[in-house]
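Colleague: okay, structure incoming, though there's no sequence with it:
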């Protein structure tokens, strides 16, 4: 890597990328990884960094990018650009289509149904290709916003972990960008001139994610190191200082 501004940024991102892989055991020898490629900056950066890690030869694995077109969402992707980008990174490429029906479950938000349908197609293709791992482009800000959303709307303390084993599908989801902040990915996308895909989702304005981003921005104004503090909080859960329910039989004694 060069000592130019661009080289320093890529070095920083790759360092965090490699740290996530090694700290959370994301990639093993002989893995075949399916990589979700939406065409946005995050998935393109994920593919580029995976390609760089692959070229080091430290761990021998193969990876295939998949782009899923949602038929009932106005989304125009340059498939040839994505295919060429993937191949340049050393990955195979699969283009698949699917759709979702909002009438199947009116209790769920359209964003959830769309995301789940896309993810389900990932699982199906992973099974077809024999991939045991699925790499997604969620970055550090995504992880922390999900933590805040679960606290606010679900009443649970949890988020999207760097590694999640899904026994039901015999598949492990990995998030190698978990230690990288979105601002750095935006800078990389600009410096490497990632092609923007045309996207318009009629449901994106009803998502709580954009609102939670504003909340996180406010918290960062209060404490510039809030992201590090929140990440460390997930690794430092002090259960002795949290409410503890007594066991059922003990509860009967006190009734």
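Modeller: That came through fine. Keep in mind that what you see is a predicted model, and the values were worked out from it rather than measured. Residues are numbered from 1 along each chain as shown.
Colleague: mind listing what's buried in stretch 33-41?
Modeller: For stretch 33-41, a neighbour-count test (16 or more other C-beta atoms under 10 Å) marks 33-41 as buried. Glycine gets a C-beta too; all of them are placed from N, C-alpha and C.
Colleague: quick one: contacts for the closest residue to residue 79 other than its chain neighbours?
Modeller: Spatial nearest neighbour of residue 79, excluding adjacent residues (C-beta to C-beta, 6 or more residues apart in numbering): residue 95 at 5.6 Å. Shown in contact with residue 95 (C-beta atoms under 8 Å, 6 or more residues apart in numbering): 66-67, 69, 79, 82-83.
Colleague: those residues: which two are farthest apart?
Modeller: Distance extremes for the contacts of residue 95: the farthest pair is 69 and 83 at 13.2 Å, using C-beta to C-beta.
Colleague: show me the contacts of residue 95 that map onto strands.
Modeller: Per DSSP state E, strands hold the following members of the contacts of residue 95: 66-67, 69.
Colleague: helix, strand or coil for the residue nearest to residue 79?
Modeller: With DSSP: H, G, I helix; E, B strand; the rest coil as the basis, residue 95 sits in strand.
Colleague: who does it bridge with?
Modeller: Note on residue 95: beta-bridge partners residue 67, judged by DSSP bridges.
Colleague: that one and residue 44: what is the separation?
Modeller: Distance of residue 95 to residue 44, given as C-beta to C-beta, to the nearest Å: 15 Å.
Colleague: which one (most neighbours) among the contacts of residue 95?
Modeller: residue 66 (25 neighbours; other C-beta atoms under 10 Å).
Colleague: nearest to residue 236, of the contacts of residue 95?
Modeller: Ranked by distance to residue 236 (C-beta to C-beta), the contacts of residue 95 are led by residue 66 at 36.1 Å.
Colleague: just to check, that closest one is in contact with residue 128?
Modeller: No. Contact between residue 66 and residue 128 fails when scored by C-beta atoms under 8 Å: they sit 10.4 Å apart.
Colleague: what are the boundaries of the helices in the protein?
Modeller: Remark: helices assigned in the chain by DSSP state H are 5-24, 41-56, 79-88, 110-129, 140-149, 182-191, 209-222, 226-234, 248-254.
Colleague: could you dump those helices to JSON lines with distance to residue 166 and mean pLDDT?
Modeller: Shown next, in JSON lines, are these (distance: least, C-beta to C-beta, whole Å; pLDDT from 0 to 100):
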{"stretch": "helix 5-24", "distance to residue 166": "16", "mean pLDDT": "92"}
{"stretch": "helix 41-56", "distance to residue 166": "19", "mean pLDDT": "97"}
{"stretch": "helix 79-88", "distance to residue 166": "24", "mean pLDDT": "97"}
{"stretch": "helix 110-129", "distance to residue 166": "8", "mean pLDDT": "86"}
{"stretch": "helix 140-149", "distance to residue 166": "17", "mean pLDDT": "96"}
{"stretch": "helix 182-191", "distance to residue 166": "25", "mean pLDDT": "96"}
{"stretch": "helix 209-222", "distance to residue 166": "22", "mean pLDDT": "92"}
{"stretch": "helix 226-234", "distance to residue 166": "20", "mean pLDDT": "97"}
{"stretch": "helix 248-254", "distance to residue 166": "31", "mean pLDDT": "56"}
